[in-house]
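Colleague: quick one: sequence plus predicted model below, questions after.
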Amino acid sequence: RIRLRAASIVSARLRSTQALISHNSPWVRELRRQIYTDPGTGLWSKAFLDEELPRSVEKPTSLLLLKPDRFKELNDAHGHSAGDAAMERIAAILSQEVARIGRGWALRLRSNETALVLPRCGPGEAVEIARGLRAQIGALDLSGAIPRCSFRFSLSMALATWPQDGDDWRRLVDDAYAILTRAWADGGDRVYRLRAR
């Protein structure tokens, strides 16, 4: 029995080690990067938010959703390449913010909607980060990429913090998205905060 038990323990440890090695092999990492990265911006994708992030949130985790106002006007006036250039610059701002903070993820959800997920970040710190992002994106200069473009963005944002504003992460994301949509529909250039029911 002792030998059988020892063999069972060794076998379980070998399987665990093999799984760890295979999950971290270069081709698996590359496949995960391709699956979970938005090709247009290099940011994490909505699939990453839905499938991987729920296992990584730490109390508290703040979610900032962002939607540039009047994005369609930019595309209509200067073409879709202008929208692509704007998204590249917005992605760079979000990536730099995550690097500055030293934790978190910058994501592209769909079209021109992006997000920051910030672990160990409470509502107070998240509000300050939101203010900074509004200023940076509002000052975004597209003239270098788009000749004769003086377009300036305002920004609609939603802020939610897990678990204070809801302990079900997926529902919190859905509720925050509804708040973002409302901020944009209410005229934009505002930050709405999701609060616990």
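Modeller: Good, I have the coordinates. Fair warning: this is a prediction, and the values are worked out from it, not measured in the lab.
Colleague: quick test: name the residue nearest the centre of this structure.
Modeller: L107 (2.8 Å; C-alpha atoms, centre = their mean).
Colleague: I'd say it and G42 touch.
Modeller: No: using C-beta atoms under 8 Å, L107 makes no contact with G42, being 10.9 Å away. No exception for glycine: its C-beta is placed from N, CA and C like everyone else's.
Colleague: just checking, what packs against the host helix or strand of the residue nearest to the centre of the chain?
Modeller: Using DSSP states H and E, L107 maps to strand 105-110. For strand 105-110, the packing partners by 3 or more C-beta pairs under 8 Å, 6 or more residues apart in numbering; DSSP states H and E come out as strand 44-45, helix 46-51, helix 80-101, strand 113-119.
Colleague: quick one: closest of those to R170.
Modeller: In terms of C-beta to C-beta, the element of the helices and strands packed on strand 105-110 nearest to R170 is helix 46-51, at 7.5 Å.
Colleague: helices and strands of the chain: which one has the lowest mean pLDDT?
Modeller: Least confident helix or strand of the chain, by mean pLDDT, DSSP states H and E, is helix 26-36 with a mean of 71.
Colleague: circling back to that earlier point, out of the helices and strands packed on strand 105-110, deepest packed?
Modeller: Highest mean neighbour count among those (mean count of other C-beta atoms under 10 Å): strand 113-119, with a mean of 24.
Colleague: tell me the first helix or strand C-terminal of that strand.
Modeller: helix 123-138.
Colleague: so for that next one, mean pLDDT?
Modeller: Helix 123-138 shows a mean pLDDT of 95.
Colleague: same question, stretch 71-91
Modeller: 90.
Colleague: where does pLDDT dip in this structure?
Modeller: Applying pLDDT under 70 to the chain flags the ranges 17-25, 27-31, 196-197.
Colleague: about what we covered before: can you say which of the helices and strands packed on strand 105-110 is nearest to G144?
Modeller: Smallest distance to G144 across the helices and strands packed on strand 105-110 (C-beta to C-beta): 8.8 Å, for helix 80-101.
Colleague: count the neighbours of G40 for me.
Modeller: Look at G40: counted by other C-beta atoms under 10 Å, it has 12 neighbours.
Colleague: residue contacts, it?
Modeller: 84, 87-88, 108 (C-beta atoms under 8 Å, 6 or more residues apart in numbering).
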